[in-house]
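Q: requesting a structural model of the entry that follows:
(2 chains)
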Amino acid sequence: MASSTVSGPEDRAALARSRAAAQGRIRWELLSQLIRKDLKVKYQGSAIGFAWSLANPLIQMAIYYVIFTKVMGIAVPDYAVYLMAGLLPFTCFSQAVTGASGSVVGSAGLVKKVRFPRLVLPLSAVGFSVVQFVLQLFLLLVVVLVTTPTKFGLHTLLILPAFALLIVFATALGVLVSALNVRWRDTSHFVEIAMLVWFWANPILYAAGLVKEKLDPHGLFWTYFLNPMATVVSTFQRAVYGTPYYTDAEGVRRLVLASPGYTFYLRNLLIGFVISGLLLLAARAVFNRLEADFAEDL
Amino acid sequence: MATKGAASPPRPVITATGVSKRYVTHGRKATALKERFVQSAKGQGGIATEFWALKDVDVVVGEGETVGLIGPNGAGKSTLLKILAGILRPTSGVVHVEGRIASLLELGAGFNAELTGRENVYLNAALLGLSKKEVDHLFASILEFSEQGPRIDDPVKHYSSGEYVKLAFAIAVHVDPDILLVDEVLAVGDEAFARKCLAKISEFQHAGKTILFVTHALDLVEQLCTRGIVVDHGVVQYDGDPAFAVGTLRKILGTDRPADAPNEPEAIGGMVVVDAVASTRRGGAATDRVRPGRTLHVRVQVDVQPGEGLIEGELQVVVMGAGDIPVLVLRTVEGGHVPAVPGRYTVDLQLPEMPPLVGAFILGVSVLDPESGRPISARRFDQAFWVLDGPRGALLHLPTTATVRS
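A: Coordinates of the predicted model:
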């Protein structure tokens, strides 16, 4: 152990300081352990384990696919891919924020007894959700690559900034609600309902192009992207789905995606990062403030 | 402070300055928003009741000290411990900690019930700042200390409370903490394990680690600690020698005398002991500490009330140590007894040279019938004075020699 190599009092003092710092810092190792713990707790004792994390989005996709293409007759080509490209990141987001909202309250035992940076709790909840998302996204990309390799191209690289924005935004909101939920337990209930509503504020089931048609005449399409998740979802769609246009039942050529180009997405990503960044700063401040009373409010 | 021989004061590892902690009870703890709305509608929402658990506490703990934090229930000692541990943040004031802190608060160290003992070991150690590699090295000895054997791979929800604590303690002492915080957990394990824990704690002391205890086991404080801090009503009432600290707390608790010993003056034959003061000067003010070799003066006030069968009384002062063991007796001699004439008398007794005693002492004052030795009146004065000389552990401290031969 480290202490065996230490001799003088100055060394000891320095070691003590570094250890105190290590205990107060958010370390990757600790985060990954917490995420692995969550995965283990969630999937242990189940026969197919991690595969369950795929079941939920697959079932959702199957239902939406049947209803929207067969029943409602939506004409978006490769609707299943379009759907998944938006559904997966939003599910990740909603699961991350919902999970984070209960993360501190759910770890009352730890919070009341161990000195550690509490911020790792919402962070690990977000991480837990992101890990599952990465796996789902990987499988989606494999499926798309096998079925329609033409969808791949330079635009696929948009996955990276969209993914980054997803993480930053989910983290910001997750940190905020995790702290608020300690003082006001209604928060987690509110978050659950908010996610149901929020789902429809993103172009997941419907084509982003339709929103553009409605809002562009008023010059208000940009307001739709004040919601960073709309940017995340539409950018993922641009990256994975690719096909910008479709022809509807009346033979009119219409936009599926928000925009066929790239700069549109880059601009929205920038807006999204600014909003998420500010929210993250605010969330940290709120978390720090409320953190003082965590151990007694639980 | 009674630190052992070190010329320079030990390096402070915990420095708390002006620490206060306010608890705000939101009405009936309105954690649900609706309740808050309802309360503010009724005009109660704003009136959150405040409660100061700690008020402007300064504590500096040096490296290698073993500090006992004691106090009555609800005095704020656990709050203080949690603030020092970084678990609670003070409302005002600053806490600075140098070193790895392992805490054993209440039951268990925050295990996840679904995870196995092994997984909890890794998780807990990670929370305490250890890497997986470090835990790999330590795991075998944690397992051995915790006495869990193959049960280490069972989910901890199946553990008994004793097993829980054993594992928690095993982790806390094996992560090589610089500071160990213990809150009333040693009582949970069986006696064999409790002994093992105490052995580990003294091993820690020898290794120069810092230990902070919160406990109601006052004997343990006297036995183990190098320093005692008495907290009451959120304020540090005493900070220093553990024997003094325990004495101070017993005074606060009112347990400094046996439950069956009434403190009311008993007067059988019209003689009442009114007061007794121990001092280092004749007729001086009451002193706390008497150094060995100094003269001890005891001034006793006796009221003699008119009545039938009044006789001369012999005044006897018994100096009693811990456990009410009589150590010394001072008494009036023939011709100097309290006369059988009504009035208020002041009796001065001296012990020319205080022997090298250690601890807190009680005065048992009684008036006896000089002929028969039958008590006429008696009264005890608790915590009359302290004598401090040399290490604790015995009543008498005398120089000793020892030789070792092979």
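Q: the helix or strand of chain A with the lowest mean pLDDT near chain B at all?
A: In chain A, no helix or strand scores lower on mean pLDDT, DSSP states H and E than helix A:9-24, which sits at a mean of 75. Yes - interface with chain B: helix A:9-24 contributes A:9, A:12-13, A:16-17, A:19-20, A:22-24 (C-beta under 8 Å from any C-beta of the partner chain). C-beta: built from backbone N, CA, C; applies to glycine.
Q: which of these are buried? Put it as a ChimeraX command.
A: Buried subset of the residues of helix A:9-24 next to chain B, written as a ChimeraX selection, criterion 16 or more other C-beta atoms under 10 Å in any protein chain shown:
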select /A:12,13,16,19,20,23
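Q: ok, so of the residues of helix A:9-24 next to chain B, who is nearest A:Thr150?
A: For the residues of helix A:9-24 next to chain B, the closest approach to A:Thr150 (C-beta to C-beta) belongs to A:Ala22, at 50.3 Å.
Q: the closest one contacts B:Arg100, correct?
A: Yes - shown here, A:Ala22 and B:Arg100 form a contact pair, counting by C-beta atoms under 8 Å, at 7.4 Å.
Q: find residues that contact each of those two.
A: Shared contacts of A:Ala22 and B:Arg100 (C-beta atoms under 8 Å, 6 or more residues apart in numbering or on different chains): B:Gly129.
Q: secondary structure element for the residue lying closest to B:Thr346 once chain neighbours are set aside?
A: Spatially, and ignoring its direct neighbours in sequence, B:Thr346 is nearest to B:Gln301 (5.7 Å; C-beta to C-beta, 6 or more residues apart in numbering or on different chains). Per DSSP states H and E: B:Gln301 is located in strand B:296-304.
Q: in its sheet, what does that strand sit against?
A: Paired neighbours of strand B:296-304 in the sheet (DSSP bridges): strand B:271-279 (antiparallel), strand B:343-351 (antiparallel).
Q: before we move on, back to that, now render the residues of helix A:9-24 next to chain B as CSV, adding distance to B:Leu138.
A: Shown next, in CSV, are these (distance: C-beta to C-beta, whole Å):
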residue, distance to B:Leu138
A:Pro9, 25
A:Arg12, 20
A:Ala13, 24
A:Ala16, 19
A:Arg17, 22
A:Arg19, 15
A:Ala20, 20
A:Ala22, 16
A:Gln23, 16
A:Gly24, 21
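Q: what's the closest of the residues of helix A:9-24 next to chain B to B:His206?
A: Distance to B:His206 across these (C-beta to C-beta) is lowest for A:Arg12, with 15.3 Å.
Q: weakest of the strands paired with strand B:296-304 in terms of mean pLDDT?
A: In terms of average pLDDT, strand B:271-279 trails the rest of these, at a mean of 80.
Q: that one: how far from the chain's middle?
A: 28 Å (C-alpha atoms, centre = their mean, to the nearest Å).
Q: again, but for stretch A:106-115
A: Stretch A:106-115 has its C-alpha centroid displaced from the chain centroid by 25 Å (C-alpha atoms, centre = their mean).
Q: then stretch A:177-188?
A: Chain-centre distance of stretch A:177-188: 19 Å, with C-alpha atoms, centre = their mean.
Q: and that stretch with chain B, contact?
A: Yes - Stretch A:177-188 reaches chain B (C-beta under 8 Å from any C-beta) through A:183-186.
Q: so where's chain B uncertain?
A: Residue ranges of chain B with pLDDT under 70: B:1-8, B:26-48, B:106-110, B:185-189, B:255-269, B:323, B:383, B:389-393.
Q: can you give the domain ranges for it?
A: Annotated domains of chain B cover B:12-253, B:266-387 [automatic domain parsing].
Q: got the contact list for A:Val126?
A: A:96-97, A:99-100, A:167, A:170-171, A:174.
Q: chain center to stretch B:220-232, what's the gap?
A: Relative to the chain's own centre, stretch B:220-232 is displaced by 4 Å; criterion: C-alpha atoms, centre = their mean.
Q: what's near enough to touch the spatially most central residue of chain A?
A: Residue closest to the average C-alpha location in chain A (C-alpha atoms, centre = their mean): A:Phe93, at 3.0 Å. A:Phe93 makes contact with A:129, A:166, A:169-170, A:229, A:232 under the criterion C-beta under 8 Å, 6+ apart.
Q: still on that earlier bit, next structured bit after the least confident helix or strand of chain A?
A: Moving toward the C-terminus from helix A:9-24, the next helix or strand (DSSP H and E) is helix A:28-43.
Q: give me the contact list for that next one.
A: With C-beta under 8 Å, 6+ apart as the test, helix A:28-43 has contacts from A:49-50, A:52-53, A:116, A:120-121, A:123-125, A:127-128, A:131, B:112, B:114-115, B:119, B:122-123, B:126-127, B:131-132.
Q: kindly export the strand holding B:Gln301 (C-alpha atoms) in CSV.
A: Output in CSV follows, covering the C-alpha atoms of strand B:296-304 (Å, rounded to 0.1, in the frame of the first residue of the first chain):
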residue,chain,number,x,y,z
LEU,B,296,-5.5,20.6,50.2
HIS,B,297,-7.8,22.7,52.3
VAL,B,298,-11.3,21.7,53.0
ARG,B,299,-13.7,24.2,54.5
VAL,B,300,-16.9,22.7,55.9
GLN,B,301,-19.8,24.7,57.1
VAL,B,302,-22.0,23.0,59.7
ASP,B,303,-25.2,24.3,61.2
VAL,B,304,-26.0,23.1,64.7
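Q: sheet partners, orientation included, of whichever helix or strand comes after it?
A: Next helix or strand after strand B:296-304 toward the C-terminus (DSSP H and E): strand B:314-320. Under the criterion DSSP bridges, strand B:314-320 sits next to strand B:326-331 (antiparallel), strand B:359-368 (antiparallel) in its sheet.
Q: what does strand B:314-320 contact?
A: Contacts with strand B:314-320, where a contact means C-beta under 8 Å, 6+ apart, come from B:276, B:298, B:300, B:302, B:326-332, B:337-338, B:347, B:349, B:351, B:361-370, B:384.
Q: distance from it to the middle of the chain?
A: So, by C-alpha atoms, centre = their mean, the centroid of strand B:314-320 is 28 Å from its chain's centroid.
Q: equivalent analysis for stretch A:286-298, please.
A: On the basis of C-alpha atoms, centre = their mean, stretch A:286-298 sits 24 Å off its chain's mean C-alpha point.
Q: how about the residue lying closest to B:Val387 once chain neighbours are set aside, what does it touch?
A: Closest residue to B:Val387 apart from its sequence neighbours, by C-beta to C-beta, 6+ apart: B:Leu357 at 4.4 Å. Shown in contact with B:Leu357 (C-beta under 8 Å, 6+ apart): B:292, B:321, B:327, B:387, B:389, B:395-397.
Q: next SSE downstream of the helix or strand containing B:Thr79?
A: Counting by DSSP H and E, the element that carries B:Thr79 is helix B:77-84. Next along the chain after helix B:77-84, taking DSSP H and E as the criterion, comes strand B:92-97.
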